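Q: Provided below for reference: sequence and predicted model.
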Amino acid sequence: MQQFAIVVKEIRAFLASFQIVRFLLPFHLHILFGGVGVLFLRELLDRILPYSSYDTLHTLFNDIPLGLIAYYGFFVGIWLTLISRNVRYLPYGLWGYAFLALFPFENLALGDIVQAAIYAAGGYFLFRYTTTSASQSDTRSLNV
């Protein structure tokens with residue numbers, strides 16, 4: 001875990017050199033969980049609403065690229081949360097995305113299961129990292 005703490009510290013130093021990252025850093029949890037929430041809402045609305053509302057959903061999530069913004073926003077949120085003081089919330093975002101990969105729980109393919117397993121394992125290892133003393137000493141040296 002000590003080596004991962006060193007890598008996170010170097011990534012933090014590199015990304016903090018960009019002004020856009022320093023601007024977005026206070027909103028990292030909003031971006032992370034907002035992306036997961038919008039993607040979950042999209043899946044839920046696709047399942048709940050009748051076919052006649054397809055045009056509205058298509059306009060919201062495809063013409064106005066809300067789904068794409070949420071998708072990329074989630075990954076931006078991962079990086080921003082990784083370099084922030086609140087890295088302890090990142091595993092929950094990854095586990096939420098793993099749940100989202102399996103959400104309808106029907107017609108599961110191997111790709112869906114592998115994707116969920118990768119995000120769940122990443123969340124587990126990040127959870128282990130946040131509980132070690134390496135992450136605690138790493139957040140004390142945070143200048144961002």
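A: Here it is on my side, so go on.
Q: contacting residues for Trp79?
A: 11, 15 (C-beta atoms under 8 Å, 6 or more residues apart in numbering). For every residue, glycine as well, the C-beta is placed using N, CA and C.
Q: next SSE after the helix or strand it falls within?
A: Using DSSP states H and E, Trp79 maps to helix 66-82. Sequence-wise, the next helix or strand downstream of helix 66-82 (DSSP H and E) is helix 90-102.
Q: show me where pLDDT drops low in this protein?
A: Within the chain, the set of residues satisfying pLDDT under 70 comprises 137-144.
Q: re the thing from before, let me know the angle separating the helix holding Trp79 from helix 90-102.
A: 150 degrees (axes from the mean of the first three to the mean of the last three C-alpha atoms, to 10 degrees).
Q: just the CA atoms of helix 66-82, as PDB, please.
A: The C-alpha atoms that make up helix 66-82 are tabulated as PDB, following Å, rounded to 0.1, in the frame of the first residue of the first chain:
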ATOM      1  CA  LEU A  66     -26.800  14.000 -20.600                       C
ATOM      2  CA  GLY A  67     -25.900  10.300 -20.600                       C
ATOM      3  CA  LEU A  68     -22.500  11.000 -22.100                       C
ATOM      4  CA  ILE A  69     -21.800  13.800 -19.700                       C
ATOM      5  CA  ALA A  70     -22.700  11.600 -16.800                       C
ATOM      6  CA  TYR A  71     -20.600   8.800 -18.200                       C
ATOM      7  CA  TYR A  72     -17.400  10.900 -18.600                       C
ATOM      8  CA  GLY A  73     -18.200  12.800 -15.500                       C
ATOM      9  CA  PHE A  74     -18.100   9.600 -13.500                       C
ATOM     10  CA  PHE A  75     -14.500   9.000 -14.700                       C
ATOM     11  CA  VAL A  76     -13.500  12.600 -14.100                       C
ATOM     12  CA  GLY A  77     -15.000  12.100 -10.600                       C
ATOM     13  CA  ILE A  78     -12.800   9.000 -10.000                       C
ATOM     14  CA  TRP A  79      -9.600  10.900 -10.800                       C
ATOM     15  CA  LEU A  80     -10.600  14.000  -8.800                       C
ATOM     16  CA  THR A  81     -11.700  11.900  -5.800                       C
ATOM     17  CA  LEU A  82      -8.500   9.900  -5.900                       C
END
